[in-house]
Structures are given as C-alpha cells and as structure tokens.
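Q: The amino acid sequence is not available; the structure is as follows:
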C-alpha cells in the first residue's frame, strides 16, 4: 500500500500534501490560519494532474499564504508576553531598541520549501520572527569591527558575546577555555501597529537570476537567456521591530563594562542599522533599519535607544560625517572639530552634554588615541 497521504485538490487544482480529513479542517478555517501554517503545513504545491509536480503558479500561491487574519491577536499576545517579562527585570539588566525597516526584511530563505526559498516562522505559532541567535550574530560582527578599530578590546567582545564558535581554533579549545557571553538576545517579532487597520503583514518579493545556464551549467553566456523569476516572502518596508537584550551583570567583573554595556550596544546597533542589516539578502539592501520614534511602555525604567540622542545636532552631525571605514564617528576628532566651530553657545552646551552622556565612562577614561585627541578639543573649548 502506498505511504503517500490521501489528498484532495482544492478548487484551484492544487492541494497540500496532507490527509483528506486534515484538509477538510483547514478549508473550513482557512481565514483564521496563521501565515506560517498556510506557508508550511498547508501550502498548495501539488498539482492534481501531475501528481507530485510543483505548481507553476508559485506567486499566486504565496499571495494566498500571506494573510494574517485573526493571527494579529496572537502577534500582539507574543509582544505583550515579552513586555511583561521585561517588567520583572531591573533596569541595569535590560536594553531595548525600537526600529523600523527602511527596506523589505526577509529571513530563513535557506529553509527548504517548494517555491525554492523558505521563511522563518516561529513554531507552533506560525508567526514571522527573527531568531535571537541571528541578532547576536550581527551585533557580534559589529563588536568585532569595533575591536579591530581599537574601540573595544577582544576580551570585552568575548565577555559580552562568549567564545566565537566560528573561529579557527574553536575546535581545539578545552571546556575550561569556552565562555558563555553575559548578553542574551531575545527573538524579535514584527510589532503590530497601534493604528487601526495597519497591522503586521507579509508581502511577496521577486528575485530574477539571469544567465543560469552559464552560471550553473557551464554553457556559453549570451543575452538571449530568459531570467527565472523566483518569488519569496518578506516583511515590507515600514514594518516595526523591537530588539531586547538582557545582561547577566553579576558576571561582569570589569566595572567599566558593567557601567557601559548598554552604551556599547547602542553604538553597535547604530552600526548594524547603518551598515550591516538583519536577516537575509543584506548584501543587496534587504534588512536595512533605522531607529524608530515609536514610544515604548515596558513598565520598567529601561534605556530605549529610540529616545536618544536628545540633541538633534549631534545626530545630524554623526550622519553627515559617517563614512565607510569609520567605525564610530562619536569618538572621532571630526565631530569634535564640528562641535568646536559652533557659534550658538546654547546649542554648543546642549551638544556637549549629549556627547558626554553618549561617551559614558570613556569620557573620564578614554581608551584610544583618537578619543584622547577628541576629548582634548572638547575640554579646551568648553
């Protein structure tokens, strides 16, 4: 007897590979199905005429799977659960930053799926998310860049993020040499909007690889080849996200890091938003984000990056002076010289107070030659 499940085609001539009784339940509650279940469990990718052949109409099938429906309430419940969990923590153990996507966001494309590109949905809820491990990877990359530039020590990176399991010598390390980082990165969910009718939503993007016969089959390149459009799921630009990081501060022996780990994260998130991106396809512009002006209500006196900086001039100057290869404009002499040239005494005082606050403990104990030179400019012109 065949081990294939009994399937029944839908009205569109396609059906999921599920038993008939499961399909009946799904068809009766399709409008309330979470998008992850519609995309993974009940995706109609079998064609009744060709038995087990994938359907050609992938784009149309994906558009049928992106609806949230009542799953909006489930998304709000997950965000509320995180908010209440944060309330139980003391302020010095928490860092929160709200961000908004400036380009489409996608993740989990490597997950197997009949349309060739998967998407990361949290089981068993069927809701899109960015795994905390992915956030940690991006922030670690930003921290390692800062270490190369002398803004952080390598031991600081290991303290915060733990032993790098991608390093060349990781396999040769003993158990005593391995270290767990003090930071924990929570899973990130798209935030439901507070505006009625403007909720979490998914969209369908297209990639169109050209010259596949040349690149994959070794045939001669020419301009008469047809591109191969491949649809995939994404969250559209404008989607909101909340990043939550907690710290086991009792494990931080260095008082300087204990006092400034939140400032360090603020700088690393700024670099990640500006240069690295989150999720998949970041090399072609996906996953770019910026700080959001969305107000938060965590119930705890946590630092929220959306609320800083307080001086708009500092923020504008940093954006204007940022260049590839410059890891942190905040500690750069160029910013100090720009501040020195200000003629408005009130603005100059406001900017200096903001810059000093962002420096944190480094203001009293600069660690790099660049910091020391910039600090000399600030103190000489105060």
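A: Done, it's in. Note that the coordinates shown come from a computational prediction; the quantities given were computed from them, not determined experimentally.

Q: Now tell me which helix or strand of this structure has the poorest mean pLDDT.
A: Ranking every helix and strand in the chain by mean pLDDT, DSSP states H and E puts strand 303-304 at the bottom, with a mean of 41.

Q: And for stretch 329-343, what's in contact with it?
A: Here stretch 329-343 makes contact (CB atoms under 8 Å, 6 or more residues apart in numbering) with 151, 267, 313-314, 317-318, 321-322, 326, 348, 351-352, 355, 358-359, 362, 368, 370-371, 373-375, 377-378, 381. Where you see a C-beta, it was placed from the backbone N, CA and C, and this is true even at glycine.

Q: Could I have the ChimeraX command that selects the buried members from those?
A: Selecting only the buried entries of those in ChimeraX, with 16 or more other CB atoms under 10 Å as the criterion:
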select :151,267,313,314,317,318,322,348,351,352,355,358,359,362,370,371,374,375,378
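
Q: Residue 382 - how many residues pack around it?
A: When neighbours are defined as other CB atoms under 10 Å, residue 382 has 10 of them.

Q: Work out for me the element the nearest residue to it once chain neighbours are set aside sits within.
A: Spatially, and ignoring its direct neighbours in sequence, residue 382 is nearest to residue 352 (6.6 Å; CB to CB, 6 or more residues apart in numbering). Taking DSSP states H and E as the definition, residue 352 sits inside helix 345-359.

Q: And that helix, what does it pack against?
A: The contact analysis (3 or more CB pairs under 8 Å, 6 or more residues apart in numbering; DSSP states H and E) places helix 345-359 against helix 255-271, helix 312-321, helix 333-340, helix 369-380.

Q: closest to residue 105 out of the ones you listed?
A: helix 255-271 (15.6 Å; CB to CB).

Q: Tell me how the chain divides into domains.
A: Split into domains by automatic domain parsing, the chain comes to 1-67, 74-209+226-308, 309-382.

Q: Format the ones you listed as CSV; extra columns: distance to residue 215.
A: Putting the domains of the chain into CSV (distance: least, CB to CB, whole Å) gives the following:
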stretch, distance to residue 215
domain 1-67, 21
domain 74-209+226-308, 8
domain 309-382, 29
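
Q: what residues are up against the residue sitting nearest the centre point of the chain?
A: In the chain, the C-alpha closest to the average C-alpha coordinate belongs to residue 278, at a distance of 3.8 Å (CA atoms, centre = their mean). Counting by CB under 8 Å, 6+ apart, residue 278 makes contact with 105, 107, 130, 134, 135, 138, 188, 272, 287, 289.

Q: For residue 74, state which of these is nearest.
A: The nearest member of the contacts of residue 278 to residue 74, counting by CB to CB, is residue 188 at 15.9 Å.

Q: beta partners for that closest one?
A: Per DSSP bridges, the residues bridged to residue 188 are residue 130.

Q: got any ranges where the protein has weak pLDDT?
A: By pLDDT under 70, the weakly predicted segments of the chain are 1-18, 25-31, 45-56, 193-198, 293-310, 323-328, 361.

Q: Tell me where it has strands.
A: 14-15, 46-47, 94-101, 121-122, 127-128, 183-185, 203-207, 230-234, 240-247, 289-291, 303-304 (DSSP state E).

Q: Identify, out of those, the most deeply packed stretch.
A: A comparison of the strands of the chain by mean neighbour count, using mean count of other CB atoms under 10 Å, puts strand 127-128 on top with a mean of 26.

Q: Surely the residue nearest to residue 382 is in contact with residue 375?
A: No. With contact defined as CB atoms under 8 Å, residue 352 does not count as touching residue 375 (11.3 Å).

Q: ok, residue 321 - contacts?
A: Here residue 321 is in contact with 329, 332, 334, 335, 338 (criterion: CB under 8 Å, 6+ apart).

Q: Mind picking the one among these that's closest to residue 81?
A: residue 329 (37.1 Å).

Q: so how far is residue 319 from the closest one?
A: 9 Å (CB to CB, to the nearest Å).

Q: So for these two, which sits in the more crowded spot?
A: Neighbours per residue (other CB under 10 Å) separate residue 329 from residue 319, with residue 329 holding more: 19 against 10.
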